[in-house]
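Enquirer: everything below, folded, please.
(chains A and B)
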Amino acid sequence: MEPVRNRRIRVTFNADTHASIQWNFRPQQSEIYVVPGETALAFYKAKNPTDKPIIGISTYNVVPFEAGQYFNKIQCFCFEEQRLNPQEEVDMPVFFYIDPEFAEDPKMAKVDLITLSYTFFEAKEGQKLPLPGYQ
Amino acid sequence: MSTAMNFSTKSFTPRPPDKGAFPLDHFGECSAFKERFMECLHHSGYESAACRQSAMAYLECRMDRQLMANEPLEKLGFKDLINEKSEEKPEKL
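Expert: All right, here's what the predicted structure looks like:
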């Protein structure tokens, strides 16, 4: 995989928490400039300000959604339960790349901004993780 | 959370990450590497390309501490940085 240097893309980061979870959750950078074909690292941070352990689970969304198919997460913190002890604060990395084929898709020709949003929910027994768009 | 009433368009389906989730760094073992990376980002105007050495160092830290499955750095997109390293004079251990 080779970087496509003539397609600089601004990736911005959102962090949301569902009303059910009391974590403080935020991105550690508001944006990062990447090119397709080159791996990139970014961080979120989460804190449990309560006096009880809380287990969270996250999902993510990519806007514009047509760009989502080109957004490849090599590793992140999503889809698996994450437990934070009382007062605990942790770094949450996202290691990703934008597929070089993004640069060859005519529908993506005007796209130079991609927004990545993560949302944390409290993981409770028997509760299914809601996927975006299916409420 | 948006409700996308896109009857005719494909809706976005989130996919799990290729290599799964990072274990949490509960003890902040790699926090210093993260700080170095974040400083690099701040100073470079948030250019990812300028901070790949620091990104690689952070991931190496995780791998050294079993906070990430071991993977050759070439496979994580750092092939050019590894080649550079081996062309330099051997570092003192």
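Enquirer: what residues sit buried inside stretch B:44-52?
Expert: Within stretch B:44-52, the residues scored as buried using 16 or more other CB atoms under 10 Å in any protein chain shown are B:46-48, B:51-52. For the C-beta atoms, the positions are set from N, CA and C on the backbone; glycine is no exception.
Enquirer: nearest residue to the middle of chain A?
Expert: The structure's chain A has its C-alpha centroid closest to residue A:118; by CA atoms, centre = their mean the separation is 4.5 Å.
Enquirer: element containing that residue?
Expert: In the assignment (DSSP states H and E), residue A:118 maps to strand A:113-122.
Enquirer: ok, the residue of chain B found nearest chain A to residue B:35 distance?
Expert: Ranked by CB to the nearest CB, the top residue of chain B for proximity to chain A is residue B:77, at 3.2 Å. Distance of residue B:77 to residue B:35, computed by CB to CB, to the nearest Å: 22 Å.
Enquirer: which of those two has more neighbours?
Expert: Set residue B:77 next to residue B:35 and count neighbours by other CB atoms under 10 Å in any protein chain shown: residue B:77 wins out with 20 against 13.
Enquirer: where does pLDDT dip in chain A?
Expert: Applying pLDDT under 70 to chain A flags residues A:125-135.
Enquirer: burial measure for the closest residue to residue B:55 other than its chain neighbours, as a count.
Expert: Spatial nearest neighbour of residue B:55, chain neighbours left out: residue A:41 (4.0 Å); criterion: CB to CB, 6 or more residues apart in numbering or on different chains. Residues lying near residue A:41 (other CB under 10 Å) number 25.
Enquirer: related to what we said a few turns ago, which ones are touching the residue nearest to the centre of chain A?
Expert: Residue A:118 makes contact with A:14-16, A:25, A:44, A:58-60, A:78 under the criterion CB atoms under 8 Å, 6 or more residues apart in numbering or on different chains.
Enquirer: ok, and which of those residues reach chain B?
Expert: With CB under 8 Å from any CB of the partner chain as the criterion, the contacts of residue A:118 include A:16, A:59-60, A:78 near chain B.
Enquirer: what about residue A:109, how many residues nearby?
Expert: Each residue near residue A:109 was counted by other CB under 10 Å, and the total is 10.
Enquirer: residue A:41 versus that one, what's the distance?
Expert: 27 Å.
Enquirer: with residue A:23 instead?
Expert: Using CB to CB, one gets 22 Å for the distance from residue A:23 to residue A:41.
Enquirer: now swap in residue A:25 and tell me
Expert: Computed as CB to CB, the residue A:25 to residue A:41 distance reads 18 Å.
Enquirer: show me the shaky parts of chain B.
Expert: B:1-12, B:85-93.
Enquirer: mind jotting down where the helices sit in it?
Expert: Ranges of helices in chain B, per DSSP state H, are B:31-43, B:52-64, B:79-87.
Enquirer: now the helix or strand hosting residue A:14 - C-alpha only, CSV.
Expert: According to DSSP H and E, residue A:14 maps onto strand A:9-17. Provided in CSV are the C-alpha atoms of strand A:9-17 (Å, rounded to 0.1, in the frame of the first residue of the first chain):
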residue,chain,number,x,y,z
ILE,A,9,-7.7,14.7,3.8
ARG,A,10,-8.8,16.3,7.0
VAL,A,11,-10.2,13.8,9.5
THR,A,12,-12.1,15.4,12.4
PHE,A,13,-13.1,13.6,15.5
ASN,A,14,-16.3,13.5,17.5
ALA,A,15,-17.0,11.8,20.8
ASP,A,16,-20.4,11.2,22.2
THR,A,17,-21.8,9.3,25.1
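Enquirer: all set now, cheers.
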